[in-house]
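Student: Pasted the sequence and its predicted model underneath.
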Amino acid sequence: MNQIKAILLFLIVLSCSPEPVEDFVIPIKSISPNDIEFSDLQPLKKAIGNARIVMLGEQNHGDGSSIAARVRLVKFLHEEMGFNTLAMESQMFSGKMLQDHKLALDTGNYWNDIRFGIMKVWAHSEQCYPLWQYLFEKPNLKIVGFDSQIEDGHTRHNFKPRLNDFFLKLKLDTADYPSLFDVLAKLVDPRYLFARWKPEKKMKDRFNQELNEVIEKLRIESQTSTNEELKFYLRWFINVRDQTNRSRWSEQQHARDSIMADNILWLANDYFPNDRIICWGALRHFIKNPWQINTQMDFKYEYGYTTAGNLVVEQMEQEIYILGTTEYEGITSRGPWPDGFGYEEDTLTVSSDISLERHIEQLGLEYAFVDFKNHKGPYWLMRDSVVSRPIGAVEMKAIWPDILDGLLFIKTMEPNRRKAFWK
């Protein structure tokens with residue numbers, strides 16, 4: 001009975017809305033990365049406006065249709081709006097190698113960097129493959145990583161020779177920093193992460209002392225230099241210090257998101273101050289005001305819980321546009337496969353009758369865009385708590401304009417599938 005009343009109330013409020021539906025739900029004709037006729041995406045220009053950072057967030061890493069849609073959006077943002085840096089939720093060191101090999105037109109190492117240095121759910125994804133092709137073809141579109149995590153197999157195999165070359169340029173002797181390199185070798189190795197390795201106090205203290213010495217030397221050097229490699233390694237070493245001491249060794253709450261926010265702000269303010277940046281990652285890292293969400297589950301965001309998006313918005317306010325994806329029904333991928341790629345297919349629960357997704361599906365749309373940030377839409381959508389599922393494909397209640405700036409609706413989600421030649 002209560003559910004019937006809720007549905008009737010939802011429909012009554014909707015029918016009383018003074019605005020036509022088409023004014024705030026904008027049809028999108030395609031999510032195919034191969035569709036480069038962008039007339040349907042033109043409303044995003046007005047919505048995004050002069051924002052310097054667009055955050056493209058996915059519900060789950062296993063959402064193949066979301067990946068395909070965002071690949072198309074990357075092309076649109078680069079071609080039509082001048083966005084020229086793609087920042088991935090991947091390790092900074094591997095991102096630096098990828099960009100270096102892209103600039104050098106080193107095809108072999110470029111694909112090697114993607115295969116081993118980018119998160120496998122995107123690097124090995126069939127739906128994401130057009131992004132890697134497109135990126136290599138576009139010399140003015142940079143690729144970087146912003147994740148605070150430092151461990152991956154690619155970094156493990158490459159950090160020593162790269163740091164040796166960098167130290168040599170600065171006339172620093174790596175032999176003066178034995179603890180730094182010894183501990184780093186373990187920190188970037190995923191096997192030590194899984195083993196929950198931590199150094200003894202004496203080793204940890206020596207590591208931090210040498211790390212801080214290097215950071216200070218690079219900081220002093222950077223004051224009289226515009227060298228991008230110097231800027232990168234200064235930020236990377238700061239990231240190593242923060243990630244190890246605040247997150248990996250002490251497990252401070254929210255540390256990863258806080259450090260990722262610092263990395264994004266560094267990209268925008270210091271490394272690429274004149275660029276427009278696309279951030280690609282999980283929406284849960286990008287949302288604002290998460291404590292306002294009623295998850296309707298045992299898990300709840302406590303008051304004060306922060307995200308990378310929240311912290312970046314605090315600093316850059318109107319220069320940010322956060323765009324999530326959501327679906328009405330379909331299949332996603334969950335739970336690790338033995339080979340480590342990703343996920344087993346899982347059928348999603350159909351969205352409930354009182355959800356925003358159900359409302360859009362009733363319009364007969366396969367794909368649609370809803371702009372919360374700039375549209376003075378009906379009260380029920382803009383200022384009431386509404387059921388939707390852009391985070392983890394789990395229905396939650398929130399005043400969604402307080403959480404994100406726009407939504408890309410996909411009626412039927414297809415799972416993230418592995419590109420055949422990576423198998």
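Tutor: Perfect, thanks for sending it.

Student: Can you list the neighbours in contact with stretch 113-120?
Tutor: Stretch 113-120 has contacts (CB atoms under 8 Å, 6 or more residues apart in numbering) with 61, 88-91, 94-95, 97-98, 101, 123-124, 132, 152-155, 340-342, 422. No exception for glycine: its C-beta is placed from N, CA and C like everyone else's.

Student: so how far is it off the chain centroid?
Tutor: Distance, stretch centre to chain centre, for stretch 113-120: 15 Å (CA atoms, centre = their mean, to the nearest Å).

Student: How is the chain divided into domains?
Tutor: What automatic domain parsing lists as the domains of the chain is 26-145+276-423, 157-253.

Student: between these, which gets nearest to residue 265?
Tutor: With CB to CB as the measure, domain 26-145+276-423 is the member of the domains of the chain nearest residue 265 (5.8 Å).

Student: and the closest one, how far out from the chain's middle?
Tutor: 7 Å.

Student: List the buried residues for the host helix or strand of residue 165?
Tutor: In this structure, residue 165 sits in helix 153-169 according to DSSP states H and E. For helix 153-169, the neighbour count (16 or more other CB atoms under 10 Å) marks 154, 155, 156, 158, 159, 162, 163, 166, 167 as buried.

Student: Return the member of those nearest to residue 181.
Tutor: Closest to residue 181, out of all of the buried residues of helix 153-169 and judged by CB to CB, is residue 163, at 7.6 Å.

Student: So for the closest one, what's the nearest residue that isn't a sequence neighbour?
Tutor: Sequence neighbours aside, residue 174 is the residue nearest to residue 163 in space, at 7.1 Å (criterion: CB to CB, 6 or more residues apart in numbering).

Student: ok, now which ones touch the one you found?
Tutor: Taking CB under 8 Å, 6+ apart, we find residue 174 in contact with 163, 164, 167, 181.

Student: Phi, psi for the nearest residue to the last one once chain neighbours are set aside please.
Tutor: The one in question is residue 181. Leaving aside its chain neighbours, residue 181 sits nearest to residue 174 (6.2 Å; criterion: CB to CB, 6+ apart). Phi and psi for residue 174, reported as degrees, to the nearest 10, are phi -60, psi -20.

Student: Now distance to residue 33 and pLDDT too, for the contacts of residue 174, in TSV please.
Tutor: Output for the contacts of residue 174, formatted as TSV (distance: CB to CB, whole Å; pLDDT from 0 to 100):
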residue	distance to residue 33	pLDDT
163	36	96
164	39	95
167	41	96
181	41	96
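
Student: For stretch 400-416, which residues meet the burial criterion?
Tutor: Buried-residue list, stretch 400-416, by 16+ other CB under 10 Å: 400-401, 403-411, 413-416.

Student: Pull up the distance across that stretch, start to finish.
Tutor: Using CA to CA, to the nearest Å, one end of stretch 400-416 lies 26 Å from the other.
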